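**Student:** This is the structure alone, sequence omitted:
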């Protein structure tokens, strides 16, 4: 049953999406088209992959009405641990990754335990893990950069899927990327048809066909634009695959599972959630434990991309992740927000960063602009809600 | 000809095309207590917001004549300067500040500009507190340590500190028990003797006929009538007739074709201690049972332990060192948490639906399925969203939730409709036992009737229903059997045939006397 309210919510999602496209187009003009080159599109993915990974985990924390300040430090700690294992101890790469993930999980469990079972405010607990994690990283790295990392390690952050390149015009095109784009197209249409079928089965109203078609054409246009650009460069980055899988999993969890609903209920009203049979402590615990694991994944990706682990890695990245969630429409008070929103938020920040670098603005100015965009997006969101109410 | 302090003439206020107030005329005489009543959403609060300047001058049509001059209030401060003070249902006290600080919040007693004169603050606080019967109160006590009744009085004291001429009380007794309410109403009468005019909004009609000199009834944004004490009939039934526009011959629908079956739940030797104080026993050796198709009431004064009893049974959500036995259909069960309770088909709707019952920012369908999601709307942890929509639509119709759609946020519904959503939420868990704690608190007469009908239907389906209520007529009107609870013990058990308000009260009194011996 699509109703007025439902349409409004959809519009909000599309609104962010349109803002993303608009920002991209603005920088397209300002940079004389250089932000749409294959190499830059590839850079956008590589530079923002780990922010997206962190934003998916952070969204869950934000949904509970809290944040995790410790992720930047956990990112550094996990990257450093993996690098030390591989470089100094000669351990196999897979083992290093497993250990890094375990360290992330332990730090998440640590924070989750204090937050969920001892009732310490998340802000305080994660401020503590932030300091402890950073300090530990400096200690185990002896304040030095650990590298260079072997090629197989680096592939995770900077590598590509195998390619089948064919010459087209002046350059080459990767067939694998094109095939994946085709699969995506077919999947999209199949899912859309299945959705219509379910709605028909239950007798719900179906949005007019032209709306569906326009929506799908826009999505497909972007998908194809993106994949063609990637195919012209070096094919599909492995980071994109990791990102895509994680976003898919977490989108499914938050929108379709009981566990996801419990997070929303907890964020919306913890007392009511508790009296509805939801084990709120358990939910809190898993949200933070999960954040630790995702921070480890991001830590591996960042160290791989830099081909080394540095004690300063991931410094301040927690704020990018938190900002992505808020720009993506999540409410600071909790209970409102979507994974897709957080991903779009992360890309808005990424495109801004990237675009400003291309036109030669310094990182100092970039920070100011990012601050303005964050404040502006949230202000717009809240004011538009007030008008409705 | 008596002196008119306030005249609101032909007030019309629209919200995006919908008329919340339609040509309302309202006159208050100086020194009287004037009651304003009407169903939820009738426009009472909107009218008071127009008066106090929440909706500024110019946003409505019509005019306000206050003390003979036209009032143009742009903000609350404007009306306060003229001596109009409104006390809202939700108390505006700062919980961690002292009584004295709260009395002068926003109106601080100062030495120089911005420097607080503490001596003056405390002394004057004592003065105004004496006026509301709180002369014994420690002005340095932290407000959160006091009961709701006292907090309500502090709100009035706060208004008194501002040279109030016209005091507006929005549902002042909604959260109070009978005794506290009586005290508050008597203080209103006392204020009246001091020449303060009061406007009171309340759903408790017996209180209105006790305290007020005139009653204005509003329905659907229009003034229906004004009843004057001594001139018009001043009974509850008369007021209800004005509110709903028809004679409510029976406020409690009769329960027909509802045979009482076997015992569903039986509780024995139930003991509970205070969550913060392991030596303080809150529930003492309580035993009760409820049969299928039976509605059983728990009567008692506020603080008697009814909610504590219910919540301790419902997954040990209240108290510590809980002992005793719960039998369901004759078999002893163990309930460790709320999930166990739900799995054992026991449900509990809280007396405070906004804090403990609903996620106000979420929509109707998600709220309705919140408790039943895992068991009835998911497979291997994945939610069946289509099934959810179908059921939410079904229950919206079944108990008549008035909303544009199941996607409307619950926070935007009226109290009565929110209560229906809470009820639907627990009906969806397919319980055998429903504990309803103050199911009609703060909701209007029409919605109350619908809730009673829903209770009857549940009983007819063979459920065991427990109703906790502070309104004795409600218990008497809806229950087959009533347990009277006092100081955490069962003070007596009354059947439908023998029960009356007097019997319940004498039961409590007798139990109190026994306790003193």
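**Tutor:** Here it is on my side, so go on. What you are looking at is a predicted structure, and each value in this text was computed from that prediction instead of being measured.
**Student:** Every contact and neighbour count from this point should use C-alpha atoms.
**Tutor:** OK.
**Student:** List the buried residues in stretch A:184-199.
**Tutor:** Of the residues in stretch A:184-199, residue A:185 count as buried by neighbour count, 16 or more other Cα atoms under 10 Å in any protein chain shown.
**Student:** what about residue B:148, how many residues close to it?
**Tutor:** Here the count is done by other Cα atoms under 10 Å in any protein chain shown, and residue B:148 has 17 residues near it.
**Student:** same check, this time on residue A:351
**Tutor:** Number of residues near residue A:351 (other Cα under 10 Å) recorded here: 23.
**Student:** Check the one 10 residues further on too.
**Tutor:** Using other Cα under 10 Å, residue A:361 has 13 neighbouring residues.
**Student:** what does chain B have sitting close to chain A?
**Tutor:** For chain B, the contact set with chain A under Cα under 8 Å from any Cα of the partner chain comprises B:317, B:337-339, B:342, B:355-362, B:370-371, B:373-374, B:378, B:381-386, B:389-390, B:405, B:407-408.
**Student:** Now for residue 59: which residues touch it?
**Tutor:** In the absence of a named chain, this looks at chain A. Contacts for residue A:59 (Cα atoms under 8 Å, 6 or more residues apart in numbering or on different chains) come out as A:322, A:325, A:330, A:337-339, A:342.
**Student:** I was thinking of chain B, sorry if that wasn't clear
**Tutor:** Each residue near residue B:59 by Cα under 8 Å, 6+ apart is listed here: residue B:13.
**Student:** next one: the one 4 residues further on
**Tutor:** Neighbouring residues of residue B:63 by Cα under 8 Å, 6+ apart: B:8-11, B:70-71.
**Student:** with those residues in mind, which one is nearest to residue B:202?
**Tutor:** Closest to residue B:202 out of the contacts of residue B:63 is residue B:8 (19.8 Å), distances taken as Cα to Cα.
**Student:** so how far is the helix or strand where that closest one lies off the chain centroid?
**Tutor:** Per DSSP states H and E, residue B:8 falls inside strand B:4-15. Here strand B:4-15 is found 27 Å from its chain centre; the criterion is Cα atoms, centre = their mean, to the nearest Å.
**Student:** Tell me what angle whichever helix or strand comes after that strand forms with strand B:4-15.
**Tutor:** Downstream of strand B:4-15, the next assigned helix or strand under DSSP H and E is strand B:18-29. Here the directions of strand B:18-29 and strand B:4-15 differ by 180 degrees (axes from the mean of the first three to the mean of the last three Cα atoms, to 10 degrees).
**Student:** Report the rounded mean pLDDT for the strand holding residue B:8.
**Tutor:** The pLDDT scores in strand B:4-15 average 87.
**Student:** before we move on, what about stretch A:301-314?
**Tutor:** For stretch A:301-314, the mean confidence score works out to 94.
**Student:** ok, and what's touching it?
**Tutor:** Contacts of stretch A:301-314 with the rest of the structure, by Cα under 8 Å, 6+ apart, involve A:50, A:72-73, A:75-77, A:79-80, A:83, A:134, A:137-138, A:141, A:143-150, A:153-158, A:239, A:299.
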